[in-house]
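Undergrad: What follows is a predicted structure for the sequence shown.
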Amino acid sequence: MERTAIFPGSFDPITLGHVEIIRRGLLLFDRIVVGIGINTQKVSMYPAAQRAAWLHTLFTNEPRVQVETFQGLTVHFARQQGAQFLLRGLRAAPDFEYEKNIDLLNQHLAENIQTVYLISSPPTAHISSTLVREVIRFHGNLQGLVPDFMIPEIYADSPASGA
Ligand code: ADP
C-alpha cells in the first residue's frame, strides 16, 4: 500500500527548515501532500496562492510531492487525501510541548492516523516562518533561510539591504 503523509503548516513563507523536513520525509513516504492550512482567524503575510506557487516551483521536479490548501481539521484533510500519516518537524522543547497536545487530540479524533516527527537538522534548526517574516519586514539577508529563487521575488518591490 502506498504510504502517504500530510505535511501540514502555514508555510508563510516556506523556509529551508520546511524543505529539509520534506526531503527527509521522502525517504520514509511514497507521497507527501504539503497541506497549506488556511486559518481565516489569522492574518498571513502571503496569500495562500503565493505560498502554494513557491511550493509548486520548489517541487516541480518531484512528482511525489503534492501541494494543496485546506481548511478545518488536519485529520479530516488527511482522510480526504487517503493519508495514513502526518509529518511534523521538531526544533526544540516548545515544539514538543505544542505537538504533544495536538498529537493527543489527533489520536482521539483519528486513531488510524499516525504522526511521525523528524528532529530538525543543525543547519536549519533555528529557522521559523515567524523569524523569517521578521527578517523580511526589516529587509535583512534571507540567504540560508529561504530557497534562493524566492529572495528576488520577496524583495521585488523593496530590495534587500543585505544587512
Ligand atoms: P513555523 O512553525 O515555522 O511557523 P509552520 O507552522 O508552517 O511553520 O510549520 C509546519 C511544520 O514545519 C511544523 O511541524 C514545524 O514544526 C515544522 N518546521 C518549521 N520550521 C522547521 C525547522 N526549521 N526545522 C524543522 N521543522 C520545522
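TA: Okay, I see it. Numbers count the residues shown, from 1 in each chain.

Undergrad: Quick check: residues of this protein near the ligand?
TA: Taking CB under 6 Å from any ligand atom as the contact definition, the chain meets the ligand at 9-11, 15, 17-18, 21, 88-89, 91, 95, 120, 124-125, 127-130. Yep, even glycine has a C-beta here, placed from its N, CA and C like the rest.

Undergrad: ok, of these, which come out buried?
TA: Burial by neighbour count, 16 or more other CB atoms under 10 Å: within the residues of the chain next to the ligand this picks out 9-11, 15, 17-18, 21, 88-89, 95, 120, 124, 127, 129.

Undergrad: now those residues as JSON lines including pLDDT, secondary structure and distance to Leu104?
TA: Converted to JSON lines, these look like this (pLDDT from 0 to 100; DSSP: H, G, I helix; E, B strand; the rest coil; distance: CB to CB, whole Å):
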{"residue": "Gly9", "pLDDT": "97", "secondary structure": "strand", "distance to Leu104": "19"}
{"residue": "Ser10", "pLDDT": "97", "secondary structure": "coil", "distance to Leu104": "21"}
{"residue": "Phe11", "pLDDT": "98", "secondary structure": "coil", "distance to Leu104": "24"}
{"residue": "Thr15", "pLDDT": "98", "secondary structure": "coil", "distance to Leu104": "27"}
{"residue": "Gly17", "pLDDT": "98", "secondary structure": "helix", "distance to Leu104": "24"}
{"residue": "His18", "pLDDT": "98", "secondary structure": "helix", "distance to Leu104": "24"}
{"residue": "Ile21", "pLDDT": "98", "secondary structure": "helix", "distance to Leu104": "21"}
{"residue": "Arg88", "pLDDT": "98", "secondary structure": "strand", "distance to Leu104": "14"}
{"residue": "Gly89", "pLDDT": "97", "secondary structure": "strand", "distance to Leu104": "18"}
{"residue": "Asp95", "pLDDT": "93", "secondary structure": "helix", "distance to Leu104": "15"}
{"residue": "Ser120", "pLDDT": "95", "secondary structure": "coil", "distance to Leu104": "22"}
{"residue": "Thr124", "pLDDT": "95", "secondary structure": "helix", "distance to Leu104": "27"}
{"residue": "Ile127", "pLDDT": "97", "secondary structure": "coil", "distance to Leu104": "27"}
{"residue": "Ser129", "pLDDT": "97", "secondary structure": "helix", "distance to Leu104": "24"}
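
Undergrad: between the residues you listed, which is closest to Thr57?
TA: Closest approach between those and Thr57, by CB to CB: Phe11, at 12.9 Å.
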